[in-house]
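In: give me a 3D structure for the following:
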Amino acid sequence: MNIMVFIKQVPDTETKIKIADDGKSIVEDGINWIVSPYDEFAIEEAVKTKENLGGEVTVVSMGPSRAESALRTALAMGCDKAILLEDAAFEGADAYSTAKALAKVIEKHNPDLIFFGKQGVGNDNTQVGQLVAEMVGIGHIGTCIKLEIDGDTIRGEREIEGGRETIETKLPAIVTAQRGLNEPRYPNLRGIMKAKKKPLEKLTPADLGLNADEVGLAGAKTVYVSLELPPARQAGKKIEVEPEVAAKEIVEFLKNEAKVL
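Out: A predicted model of the protein is given here:
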């Protein structure tokens, strides 16, 4: 089976983010970049599927040269080869222009099964997988927590309000992975060493049959107007009196200061 998994490199969720002087981007100096956590579930499911059914897994990312490290992590987890969409024209892409470029990769390689994480924790738009499915014209199972493959039919489960929903579609298809689908493996030393020798291909818009004005910021439907950090938390209030007095003070605080009563 020809399997493809798309990943995104994002700042570590424990990284302290600083807003750049332009007010529209973040300061990248000092950031620890990682594979988006939901993409780890996508990688694991892709590799498990290969191990069960045979075939190979191609991992794809779009970004600057530093995204190679994310691809090497996926290769160390068991993917077979990698593709990096690296070009200045890709910079500033929103969900739409990103999906447009990734859809061209799928059309170029014709995979049977495609995996995405349900969202990239950098922007949290939860759109790219669905947009790609629409652009390519194939079935889609979103926020999947259980997947079964039977020949050219796949069946996935996802959680909905008050229960679970089961969706069935034919291959080729896209699956976006949710937490609970599996337990991602850690790259071992052997996998890390082998990853260094696995092929990594770089593609530009021209390689995908796209003009520079169709991708990145030029082809985006949305742009960032401004970014700002959440307000700093105010210090807590400690009440050190008898319980019956404390209860009255808490009620007064909730009514007059917090104004939640």
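
In: what's the longest helix that the chain contains packed up against?
Out: Longest helix in the chain by number of residues, with DSSP state H as the criterion: helix 37-53. Helix 37-53 sits against strand 2-6, strand 56-62, strand 113-117, strand 146-150, strand 173-177, with contacts defined as 3 or more C-beta pairs under 8 Å, 6 or more residues apart in numbering; DSSP states H and E. From N, CA and C alone the C-beta is placed, and that goes for glycine too.

In: which element, helix or strand, includes the residue nearest the centre of the chain?
Out: Against the mean C-alpha coordinate of the chain, by C-alpha atoms, centre = their mean, the closest residue is Gly120 at 2.9 Å. Using DSSP states H and E, Gly120 sits in no helix or strand.

In: show me where this structure has strands.
Out: Here the chain has its strands, by DSSP state E, at 2-6, 9-11, 33-35, 56-62, 81-85, 113-117, 139-144, 146-150, 153-160, 163-170, 173-177, 200-203.

In: want to try CSV for those strands, with distance to Glu240 as columns?
Out: Formatted as CSV, these follow (distance: least, C-beta to C-beta, whole Å):
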stretch, distance to Glu240
strand 2-6, 54
strand 9-11, 40
strand 33-35, 42
strand 56-62, 53
strand 81-85, 58
strand 113-117, 47
strand 139-144, 46
strand 146-150, 51
strand 153-160, 44
strand 163-170, 47
strand 173-177, 48
strand 200-203, 61
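
In: so which of those gets nearest Thr98?
Out: Ranking those by proximity to Thr98 (C-beta to C-beta) places strand 56-62 first, at 6.2 Å.

In: sheet partners, orientation included, of the closest one?
Out: strand 2-6 (parallel), strand 81-85 (parallel) (DSSP bridges).

In: most tightly packed of the ones you listed?
Out: Most buried of the strands paired with strand 56-62 by mean neighbour count (mean count of other C-beta atoms under 10 Å) is strand 2-6; its value is a mean of 24.

In: pLDDT of it, averaged?
Out: The average pLDDT within strand 2-6 is 97.

In: please name whichever of the helices and strands packed on helix 37-53 is nearest to Leu200.
Out: Taking the helices and strands packed on helix 37-53 one by one with C-beta to C-beta, strand 56-62 is closest: 9.3 Å.

In: the closest one vs helix 37-53, what angle?
Out: Interaxial angle of strand 56-62 relative to helix 37-53 (axes from the mean of the first three to the mean of the last three C-alpha atoms, to 10 degrees): 160 degrees.

In: buried ones in strand 56-62?
Out: If you call a residue buried by 16 or more other C-beta atoms under 10 Å, then strand 56-62 has these buried ones: Val57, Thr58, Val59, Val60, Ser61, Met62.

In: farthest-separated two in these?
Out: Using C-beta to C-beta, the pair of the buried residues of strand 56-62 lying farthest apart is Val57 and Met62, separated by 17.6 Å.
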